[in-house]
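In: All I have is the shape, not the residue letters:
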């Protein structure tokens, strides 16, 4: 039956070439869509590295964008907020918390090795508030103005510069001056869908700040108190010179960021489904037309004892053979993506997407041929032969 299927395919080269091209492009669409979706899923699954439960964020912004000495005011502000029995901890930073789009990127250097680094300016409470996982050393203490400031770096930076997190402790790297590594954390990303980048947390100089992000962590089950926080803040920062921005819970910030990415994923998925449905409908039409053209042949098969199931299997094998002929050049072409490093993709994600796409294309082709095969199985031998 398989040999006969290939003979039939060869005898209808022109029509089948069109089907093979459709299957080729269908596989490419499936593979690229699968790669995109699997990458997003892998990134989402690993999280951000931070715990944002029970947190409320406010930014204290200097209206005239002048550098202001925040130190004394922030110290008194923290003391008053932390006196609330429902508050667990307070942290100050700038463009360092998850779910904000701003990012400061520079280069870290050690022994002629250069690694691009996300720089986060934070206080000594940042790691505890966001529950960053420390894998070597400890978090830094309040030592903002020392000649050789202590910093905490992530695993990627530690491995890139020093080979391992353990080797990084008490080493000095250059990043806007010499800095002493006192600890290593696992990771910290801006959001779940972002690639993890090498980063470091450095003590923030509050004597030269334009703005400060304040995160208040409440105890479990305690609601945030934004109006109370705003009232306390304006006791130390006048409304004439300072403004409060981005006041929201961390979970609300997460929902906003994730919603933007979900819209992007929905658009990609909709576009892929639209193309796939159109290709499938085209193949259903072609296979249906082929059944009508072969009505006499199929009738003879019924007359010679072929069952409806065998006719169904014949058409299915023909469609699978066409699929196989389309997959061979498609796989050879698409496998060049990781081999030639045309797109930065992990090998395991590419292989998963490849396997998923092969499975999906056989399923979709089987669905496409189902109705034409159903029509073929209903052909009666006497009727077909009388028409011939």
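Out: All right, it came through fine. From a predicted model like this one, the values you see are computed outputs, not experimental measurements.

In: hey, let's count contacts and neighbours off CA atoms from now on
Out: Noted.

In: Mind checking the pLDDT average for the top helix by length along the chain?
Out: The longest helix of the chain (DSSP state H) is helix 250-293. Averaged across helix 250-293, the pLDDT comes to 81.

In: per-residue pLDDT, the closest residue to residue 159 other than its chain neighbours?
Out: Excluding the flanking residues, the one nearest residue 159 by C-alpha to C-alpha, 6 or more residues apart in numbering is residue 165, at 6.3 Å. Residue 165 carries a pLDDT value of 95.

In: dump the residue contacts of residue 165.
Out: With contacts defined as C-alpha atoms under 8 Å, 6 or more residues apart in numbering, residue 165 is in contact with 135, 136, 155, 158, 159, 184.

In: pretty sure residue 195 is in a strand, no?
Out: No - checked against DSSP: H, G, I helix; E, B strand; the rest coil, residue 195 lies outside a strand; its state is coil.

In: That one contacts residue 188, doesn't it?
Out: No - when contacts are counted by C-alpha atoms under 8 Å, residue 195 is not listed as touching residue 188 (10.2 Å).

In: These two - which one has more neighbours?
Out: Ranked by neighbour count (other C-alpha atoms under 10 Å), residue 195 and residue 188 place residue 188 first, with 28 against 15.

In: Would you list the phi and psi of the closest residue in space to that one that isn't next to it in sequence?
Out: Nearest in space to residue 188, with sequence neighbours left out and distances taken as C-alpha to C-alpha, 6+ apart, is residue 49 at 4.9 Å. Per-residue torsions, residue 49: phi 90, psi 0 (degrees, to the nearest 10).

In: Next one: residue 49 from residue 64, what distance?
Out: Distance, residue 49 to residue 64, using C-alpha to C-alpha, to the nearest Å: 35 Å.

In: same deal with residue 44?
Out: 38 Å.

In: quick one: which of the two has more around it?
Out: residue 44 (16 against 9).

In: Now the closest residue to that one other than its chain neighbours: which helix or strand?
Out: Using C-alpha to C-alpha, 6+ apart and skipping residues adjacent in sequence, the residue nearest residue 44 is residue 192, 4.5 Å away. Residue 192 belongs to no helix or strand when assigned by DSSP states H and E.

In: If I look at residue 192, what pLDDT would I see?
Out: Taking residue 192 on its own, its pLDDT is 90.

In: Now do the contacts for residue 173.
Out: Residue 173 neighbours (C-alpha under 8 Å, 6+ apart): 108, 109, 110, 179, 180, 181.

In: Could you name the helices and strands sitting against the longest strand belonging to the chain?
Out: Using DSSP state E to define each element, the chain has its longest strand at strand 113-122. Contact analysis of strand 113-122 by 3 or more C-alpha pairs under 8 Å, 6 or more residues apart in numbering; DSSP states H and E lists strand 87-94, strand 104-110, helix 155-162, strand 199-203 as its packing neighbours.

In: right, and these - which one's nearest residue 141?
Out: Across those, residue 141 has its closest neighbour in strand 199-203 (8.7 Å, C-alpha to C-alpha).

In: what angle do the closest one and helix 155-162 make?
Out: 90 degrees (axes from the mean of the first three to the mean of the last three C-alpha atoms, to 10 degrees).

In: Report the angle between strand 199-203 and strand 113-122.
Out: Using the same axes, to 10 degrees: strand 199-203 against strand 113-122 is 50 degrees.

In: Can you name every helix or strand that strand 199-203 contacts?
Out: So strand 199-203, by 3+ C-alpha pairs under 8 Å, 6+ apart, packs with strand 113-122, strand 150-154, helix 155-162.

In: Closest to the centroid, which residue in the protein?
Out: Nearest to the mean C-alpha position of the chain, by C-alpha atoms, centre = their mean, lies residue 40 at 2.5 Å.

In: That one: what secondary structure?
Out: Going by three-state DSSP: residue 40 is helix.

In: need the contact list for the residue lying closest to it once chain neighbours are set aside.
Out: Take residue 40 and drop its neighbours on the chain: the residue closest to it by C-alpha to C-alpha, 6+ apart is residue 193, 5.8 Å away. Residue 193 makes contact with 40, 41, 43, 44, 258, 261, according to C-alpha under 8 Å, 6+ apart.

In: The residue lying closest to the third one once chain neighbours are set aside and residue 330, how far apart?
Out: Counting by C-alpha to C-alpha, 6+ apart, the nearest residue to residue 43 once its immediate chain neighbours are dropped is residue 193, at 5.2 Å. Here the criterion is C-alpha to C-alpha. By it, residue 193 lies 29 Å from residue 330.

In: Give me the helices and strands touching the helix or strand hosting residue 247, please.
Out: Using DSSP H and E, residue 247 sits in strand 242-249. Strand 242-249 is packed against strand 55-62, with contacts defined by 3+ C-alpha pairs under 8 Å, 6+ apart.

In: Tell me what angle the strand it packs on forms with helix 250-293.
Out: Using the same axes, to 10 degrees: strand 55-62 against helix 250-293 is 110 degrees.

In: Give me the contacts around the very next helix or strand once past strand 55-62.
Out: Sequence-wise, the next helix or strand downstream of strand 55-62 (DSSP H and E) is helix 71-82. Under the contact criterion C-alpha under 8 Å, 6+ apart, helix 71-82 has outside partners 87, 88, 89, 90, 206, 207, 229, 232, 233, 236, 237.

In: Sounds good, over and out.
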